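**Student:** Predicted model and sequence follow; I will ask about them next.
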Amino acid sequence: MKRSFRMWHLTGTIAAIAAGGYIVFAIMLYIMQSRFIYIPTAKIEADPGNIGLEFENVDFVASDSVTLNGWFIPAENERAVLLFCHGNAGNISHRLESIQLFNRLGLSVFIFDYRGYGRSGGKPTEEGTHLDATAAWQWLVREKQYAPDKIVIFGRSFGGAAAARLASETNPRALIVESAFTSIEDMASKLYPYMPVRLLGRFHYGTIDYIRRVKCPVLIIHSTDDELVPYSHGRRLYEAAGQPKEFLEISGGHNRAIIDIPGKYTQGLDSFLIRYINN
């Protein structure tokens, strides 16, 4: 009897510890969400001048008075201007290879840092990143006098959500989304399958919801080898998009296509541009 009691007591103790650990982890997950999502750096490591490109350093202001920073890099024989929404880590100075590739494709580039990143003020929030992307769009339209049908919105990874939301509320020439997730909740469910992430989540970034409302041509780019955002997310985004739309299947790690397969990546982009931009 005593042995049976000790076993039940031990089992109960282990269960209580496990339950306590689960609750503590859930609380930490709820509190620390923003640190998992936003990984900014302040130091600008280099600029387009370091790779031989002329550029304009731009300060502009979001509708809630936060001052933002970005670069405008003009292209010779410009086909269109690309509004670049980057990923959740680093800052604009870590995207020089992409800027160079787009420049060679005849795309002027306006890349900006979200609030809290690089030289931009403020702290990042979900609504804040949307205000930042909207302010970047308005700068191109008002300050540079670009017509909406000369603007291509591009978003990579986390930036895919910002780009898709902006495209759903404006009228760009095209939308390009690369290595993007369907939503933060879907990503969290993959990373923490035993946690009630949809109840704990304070962020949405619902790329798939936004892309359903986009009216312009859409190009979805995703790698079958993406170790961070599953390939299935890219396929689901493609299925949710309206026509006209295209899917560029690539290989290599997350955000590494321009390094691992530059030829296929560049050719895929150029083909899309020829069909929907040059015409």
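**Tutor:** Yep, that arrived.
**Student:** can we go C-alpha only for contacts and neighbour counts from here?
**Tutor:** Will do.
**Student:** Walk me through the domains of this structure.
**Tutor:** As assigned by automatic domain parsing, the chain contains the domains 1-31, 41-276.
**Student:** pLDDT averaged over the helix or strand harbouring Val152 - what is it?
**Tutor:** Per DSSP states H and E, Val152 falls inside strand 151-156. Averaging pLDDT along strand 151-156 gives 99.
**Student:** Same question for it: list its buried residues.
**Tutor:** For strand 151-156, the neighbour count (16 or more other C-alpha atoms under 10 Å) marks Ile151, Val152, Ile153, Phe154, Gly155, Arg156 as buried.
**Student:** circling back: could you identify which of the domains of the chain has the lowest mean pLDDT?
**Tutor:** domain 1-31 (a mean of 51).
**Student:** still on that earlier bit, and of the buried residues of strand 151-156, the nearest to Ala42?
**Tutor:** Closest to Ala42 out of the buried residues of strand 151-156 is Arg156 (19.7 Å), distances taken as C-alpha to C-alpha.
**Student:** where exactly do the strands run in the stretch 101-250 of the chain?
**Tutor:** 107-112, 151-156, 174-178, 218-223, 245-250 (DSSP state E, counting those that start in this stretch).
**Student:** wait, which of those is closest to Phe36?
**Tutor:** strand 151-156 (17.3 Å).
**Student:** Strand partners (parallel or antiparallel) of the strand holding Val152?
**Tutor:** strand 80-85 (parallel), strand 174-178 (parallel) (DSSP bridges).
**Student:** which residues sit against that strand?
**Tutor:** Identification of contacts with strand 151-156 by C-alpha atoms under 8 Å, 6 or more residues apart in numbering yields 80-87, 160-164, 167, 172-180, 255.
**Student:** centre of the chain versus it, how much separation?
**Tutor:** 10 Å (C-alpha atoms, centre = their mean, to the nearest Å).
**Student:** before we move on, what about stretch 272-279?
**Tutor:** 23 Å.
**Student:** What residues sit buried inside that stretch?
**Tutor:** Phe272, Leu273, Ile277.
**Student:** could I get those residues as TSV with distance to Ile37 and secondary structure?
**Tutor:** Listed next are those as TSV, based on distance: C-alpha to C-alpha, whole Å; DSSP: H, G, I helix; E, B strand; the rest coil:
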residue	distance to Ile37	secondary structure
Phe272	31	helix
Leu273	31	helix
Ile277	33	coil
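**Student:** Which of the domains of the chain has the highest mean neighbour count?
**Tutor:** Ranked by mean neighbour count under mean count of other C-alpha atoms under 10 Å, these are led by domain 41-276, which reaches a mean of 19.
**Student:** starting at the chain centroid, how far to it?
**Tutor:** 5 Å.
**Student:** That one spans what distance, first to last residue?
**Tutor:** End-to-end span of domain 41-276 (C-alpha to C-alpha, to the nearest Å): 35 Å.
**Student:** Could I get the full set of helices for the stretch 151-279 of the chain?
**Tutor:** Counting by DSSP state H, counting those that start in this stretch, the stretch 151-279 of the chain has helices at residues 158-169, 184-191, 197-200, 207-211, 231-240, 257-260, 262-276.
**Student:** Can you give the contact residues for stretch 94-109?
**Tutor:** Against stretch 94-109 from outside (C-alpha under 8 Å, 6+ apart): 45-48, 51, 53, 71-84, 86, 258, 266, 270.
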